[in-house]
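Asks: 3D model of this:
(chains A and B)
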Amino acid sequence: KAGVTQTPRYLIKTRGQQVTLSCSPISGHRSVSWYQQTPGQGLQFLFEYFSETQRNKGNFPGRFSGRQFSNSRSEMNVSTLELGDSALYLCASTPTGTNYGYTFGSGTRLTVV
Amino acid sequence: KNEVEQSPQNLTAQEGEFITINCSYSVGISALHWLQQHPGGGIVSLFMLSSGKKKHGRLIATINIQEKHSSLHITASHPRDSAVYICAVSRTGNQFYFGTGTSLTVIP
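Replies: Down below sits the predicted model:
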């Protein structure tokens, strides 16, 4: 059974640009959540999607957005990139999102220069 | 104040030692998770607990809901257990709060 796939694995962008990251969950998993990990702040919850609807959102500015497609694949977008957005972005999937185990992807390492 | 506190921050052990990592939380939760992150970033979900105790191989996780405390134990530690262990709690609707992690190094 394929795991959670995140693409791309590495990305370098310039300040002010925008970026789109992709997450393909395990087949049958309908919930996809996104996290940002930085050395200073650790892991932080960005948002969670279930059946194409955002169910929860962490405390991040509106530059961070996401969506989920009918096949449960999810994308997150960061607009007007700042140096502080450099981080490892992880997604995780779970069947329904409540009290089921989570499977994480390997992450996308974004560097903003 | 962090909703999830872990201790210790760093831990060095000799191969074969019994290891305990502690996690305390201050919010109501639907579940508590123990995660393992190796260098390079990939995260593996080790346990999800809402009560009691779970065991998987040499790993044991316990939770005390009344005391809002969980422990992760590693028996007969091995160098391949070297990783960062992260405690996280999920609330209704998948709002996650993460501890800052415990960096474990097991020396042969």
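
Asks: Can you give me the pLDDT of residue A:96?
Replies: Residue A:96 is assigned a pLDDT of 72 by the prediction.

Asks: Name the SS class of it, please.
Replies: Classification of residue A:96 using DSSP: H, G, I helix; E, B strand; the rest coil returns coil.

Asks: who touches it in this structure?
Replies: Contact analysis of residue A:96 by C-beta atoms under 8 Å, 6 or more residues apart in numbering or on different chains lists A:30, A:31, A:50. Where you see a C-beta, it was placed from the backbone N, CA and C, and this is true even at glycine.

Asks: Which of those fall within helices?
Replies: Residues of the contacts of residue A:96 located in helices (DSSP state H): none.

Asks: would JSON lines of these with neighbour count, distance to residue A:105 and pLDDT be doable?
Replies: Formatted as JSON lines, the contacts of residue A:96 follow (neighbours: other C-beta atoms under 10 Å in any protein chain shown; distance: C-beta to C-beta, whole Å; pLDDT from 0 to 100):
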{"residue": "A:30", "neighbour count": "16", "distance to residue A:105": "16", "pLDDT": "91"}
{"residue": "A:31", "neighbour count": "23", "distance to residue A:105": "14", "pLDDT": "90"}
{"residue": "A:50", "neighbour count": "21", "distance to residue A:105": "17", "pLDDT": "91"}
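
Asks: Could you restrict the residues you listed to the ones contacting chain B?
Replies: Filtering these for proximity to chain B by C-beta under 8 Å from any C-beta of the partner chain leaves residue A:31.

Asks: what's the closest of the contacts of residue A:96 to residue B:24?
Replies: Of all these, residue B:24 sits closest to residue A:31, with 26.9 Å by C-beta to C-beta.

Asks: Provide a list of residues in contact with residue B:91.
Replies: B:27, B:28, B:29, B:30, B:97.

Asks: repeat that with 6 Å
Replies: B:29, B:30 (C-beta atoms under 6 Å, 6 or more residues apart in numbering or on different chains).

Asks: What strand or helix carries the residue minimising distance to the centre of chain A?
Replies: Nearest to the geometric centre of chain A sits residue A:34, at 3.4 Å (C-alpha atoms, centre = their mean). Using DSSP states H and E, residue A:34 falls within strand A:31-38.

Asks: what residues does chain B put near chain A?
Replies: B:31, B:41, B:42, B:43, B:45, B:48, B:93, B:94, B:95, B:96, B:98, B:100 (C-beta under 6 Å from any C-beta of the partner chain).
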